[in-house]
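[1] make a model of this:
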Amino acid sequence: MLLSAAVYLYFTDGGLLDFTVMPSFEIGSVFLGIVWAVLVAGMLFRLIPNKHTAMGARKHFECSFDAASDGVMSEAEMAAAGKRLHKGAFLSALGWVALNAGIFFMLSAYDILSPAMVILIVLVYALSDMVCVLFFCPFQLFFMRNRCCVTCRIYNWDYAMMCTPFILIPSAYSLSLLLLSVAVLLRWETALLKNPRFFMEETNENLSCNRCEERLCRSHDRTHAGRSKI
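    Numbering: from 1, shown residues only. Predicted coordinates for the structure are as follows:
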């Protein structure tokens, strides 16, 4: 809905999406305020332990950890598992940087880089994040090779990824969202460094299939089945 509204505003009057001249009481500013509030609310939920977010997004909290009865791993096994996680994350980061560098270059080359375009890209990324969770995730397929979102090493990278375009046009609006997304990312990475057991299904029982309450693998399976028939 937000993306559809942004597309409409962009083609009717792109200036309404200029987040560098807020605040005002125009429809564009109201819309930008809603986008800001939605993003901030989502990020705060990632920073505060709660049961209203998916297990994949809150596994870095101690309250979401339940030691697996058969999850004792040697230091060598932990190191090997951590190496696999970090390799996938590194490749994902490289892929994301390359994608955005290409997009930013094209926007600059065709002189269409504007606050309105940045908002559009951010909302496209937000919609793409939902597609990755519900249907198909290229990071999972090409880089992470994890079983599902519950075990995903980079699950809480999503807001930092969404807010990446804000780097292009600094303002109070864009920097507030960008810095908060970095805080979510740092909280996630710090927890991983301190407690890697929280992120591994071999050591955290709450990441096992028998504890799963989301069953997102069903939609992924249907997607794969559809492609196989084609």
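[2] OK, contacts around residue 63?
    Shown in contact with residue 63 (Cβ atoms under 8 Å, 6 or more residues apart in numbering): residue 49. Bear in mind the C-beta positions are built from the backbone N, C-alpha and C, glycine included.
[3] and what of residue 183?
    By Cβ under 8 Å, 6+ apart, residue 183 lies in contact with 43, 47.
[4] repeat the analysis, applying 10 Å as the threshold.
    Applying Cβ atoms under 10 Å, 6 or more residues apart in numbering to residue 183 gives the contacts 43, 44, 46, 47, 159, 160.
[5] nearest residue to the middle of the chain?
    With distances taken as Cα atoms, centre = their mean, residue 158 lies nearest the centre of the chain, 1.0 Å away.
[6] could I get the phi/psi values of the nearest residue to it once chain neighbours are set aside?
    Excluding the flanking residues, the one nearest residue 158 by Cβ to Cβ, 6 or more residues apart in numbering is residue 129, at 4.8 Å. Dihedral pair for residue 129: phi -60, psi -40, per degrees, to the nearest 10.
[7] shaky segments in this structure?
    22-25, 71-72, 218-230 (pLDDT under 70).
[8] for this protein, what's the longest helix?
    Using DSSP state H to define each element, the chain has its longest helix at helix 75-109.
[9] please identify the buried residues of it?
    Going by neighbour count (16 or more other Cβ atoms under 10 Å), the buried part of helix 75-109 is 81, 82, 85, 88, 89, 92, 96, 100, 103, 104, 107.
[10] reformat those residues as CSV; add distance to residue 165.
    Output for those, formatted as CSV (distance: Cβ to Cβ, whole Å):
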residue, distance to residue 165
81, 33
82, 31
85, 27
88, 24
89, 21
92, 18
96, 12
100, 7
103, 8
104, 8
107, 9
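[11] turn the contacts of residue 183 into a markdown table, columns for neighbour count.
    Listed next are these as a markdown table, based on neighbours: other Cβ atoms under 10 Å:
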| residue | neighbour count |
| --- | --- |
| 43 | 23 |
| 44 | 13 |
| 46 | 23 |
| 47 | 14 |
| 159 | 25 |
| 160 | 20 |
